[in-house]
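Colleague: fold the following for me, if possible:
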Amino acid sequence: MARHSTRTSHFLAGARDTLPMLVGAAPFGLIFGALVSASPLALWHGQLMSLLVFAGSSQFVAVGLVAGQTGLLVIWLTTFIVNLRHVLYAATLQPHVSHLPARWRWPLGFLLTDETFAITSVYYQRHPHAPLGHWYFLGSGLAMYLNWQGWTLLGLLFGAAFPRLQTLGLDFAMVATFIAIVVPQCKRLPWLAAALAAGAVAYASRNMPYKLGLLAAVLVGIAVGIVSLHHERRRQSDAQQGERRTASKETP
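Modeller: Numbers count the residues shown, from 1 in each chain. As a prediction, the model looks like this:
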């Protein structure tokens, strides 16, 4: 009974800590539903996309490309590249979930979003050896999933009733949410370098067709982040080797 309550407390803590992200994602889901209602897609397509894809940025990009009658291959490649950042998210969290069976890893991988990564990575930094951390992860991810489904549905319904709902400026809430996600992560140089590089490329290429500038920004950000991380680890390794050599010389 005690173990059950501990699992429950971790699950609820994950959902509780995600509450600020839920608020920020609400207008995003609402606008997505409204965009679908104004696109060639049927309303149920939008809800099905949220249920099965569950990747807000890719869903926005996909709806825009569908509205522009873009080919299926371009849509697939674009959304694939936009979601490549999840590879880095998964690699960061992998040491904490690698011991779990597949019945845990696959659902957690599906529920991994920008918001859930931001919340969960901070939790694992503070509790790197938490045996029930995956329950915290599940609580955060499931809260985001249910929140996204609810706001998508409302966006579909209100978007059909009020066709210009997406023009009300609600998308600013999501910008603020992403700022809240990214800024705390920029304490380390690789993250800061990746964010600055991706932001610069996204701004410089903002007029490219089919949102290709966004793809370029993602690729450049990932490349800069990986290179910076490699240099950081190399510097740390060199510093540790220097300390060991110094210690060995001082040992009589």
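Colleague: helix, strand, or coil at Phe54?
Modeller: Three-state assignment for Phe54 (DSSP: H, G, I helix; E, B strand; the rest coil): coil.
Colleague: isn't it up against Trp148?
Modeller: Yes - if you go by Cβ atoms under 8 Å, Phe54 and Trp148 touch, sitting 6.5 Å apart. All C-beta spots, glycine's among them, are computed from the backbone N, C-alpha and C.
Colleague: tell me where the chain has helices.
Modeller: Secondary structure of the chain (DSSP state H): helices located at 2-17, 19-37, 43-52, 56-67, 72-82, 85-97, 102-110, 114-126, 133-161, 171-185, 189-204, 212-250.
Colleague: list the helices and strands the second one packs on?
Modeller: For helix 19-37, the elements it packs on are helix 43-52, helix 56-67, helix 114-126, helix 133-161, helix 171-185, judged by 3 or more Cβ pairs under 8 Å, 6 or more residues apart in numbering; DSSP states H and E.
Colleague: can you check the shortest one too?
Modeller: Here helix 102-110 touches helix 85-97, helix 133-161, going by 3+ Cβ pairs under 8 Å, 6+ apart.
Colleague: please apply the same query to the last one.
Modeller: Based on contacts counted as 3+ Cβ pairs under 8 Å, 6+ apart, the elements that helix 212-250 packs against are helix 72-82, helix 85-97, helix 189-204.
Colleague: adding distance to Trp76 and mean pLDDT, write the helices and strands packed on helix 19-37 out as TSV.
Modeller: As requested, the helices and strands packed on helix 19-37 are exported to TSV (distance: least, Cβ to Cβ, whole Å; pLDDT from 0 to 100):
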stretch	distance to Trp76	mean pLDDT
helix 43-52	13	93
helix 56-67	9	84
helix 114-126	21	90
helix 133-161	21	91
helix 171-185	24	70
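Colleague: out of these, the one nearest Leu12 is which?
Modeller: helix 133-161 (6.1 Å; Cβ to Cβ).
Colleague: may I see the buried residues of the closest one?
Modeller: 133-145, 147-148, 151-156, 159 (16 or more other Cβ atoms under 10 Å).
Colleague: stretch 209-225 too?
Modeller: 210-211, 213-218, 220-222, 224-225.
Colleague: what of stretch 97-109?
Modeller: Buried residues in stretch 97-109 (16+ other Cβ under 10 Å): 97, 105, 107-109.
Colleague: and what of stretch 36-44?
Modeller: Buried, per 16+ other Cβ under 10 Å, within stretch 36-44: 36-39, 41, 43.
Colleague: returning to that earlier point: want to throw the helices and strands packed on helix 102-110 into JSON lines with distance to Val182?
Modeller: Listed next are these as JSON lines, based on distance: least, Cβ to Cβ, whole Å:
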{"stretch": "helix 85-97", "distance to Val182": "11"}
{"stretch": "helix 133-161", "distance to Val182": "17"}
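Colleague: which one of those lies closest to Arg234?
Modeller: Nearest to Arg234, of these and by Cβ to Cβ, is helix 85-97 at 17.9 Å.
Colleague: can you list contacts of the closest one?
Modeller: 55, 104-105, 108-109, 112, 114, 117, 120-121, 124, 128, 133-134, 137, 218, 221-222, 225 (Cβ atoms under 8 Å, 6 or more residues apart in numbering).
Colleague: and the furthest pair within the buried residues of stretch 36-44?
Modeller: Once Cβ to Cβ is applied, the buried residues of stretch 36-44 give Ala38 and Leu43 as the farthest pair, at 10.8 Å.
Colleague: could you dump the helices and strands packed on helix 19-37 to TSV with distance to Thr18?
Modeller: Shown next, in TSV, are those (distance: least, Cβ to Cβ, whole Å):
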stretch	distance to Thr18
helix 43-52	17
helix 56-67	14
helix 114-126	5
helix 133-161	4
helix 171-185	11
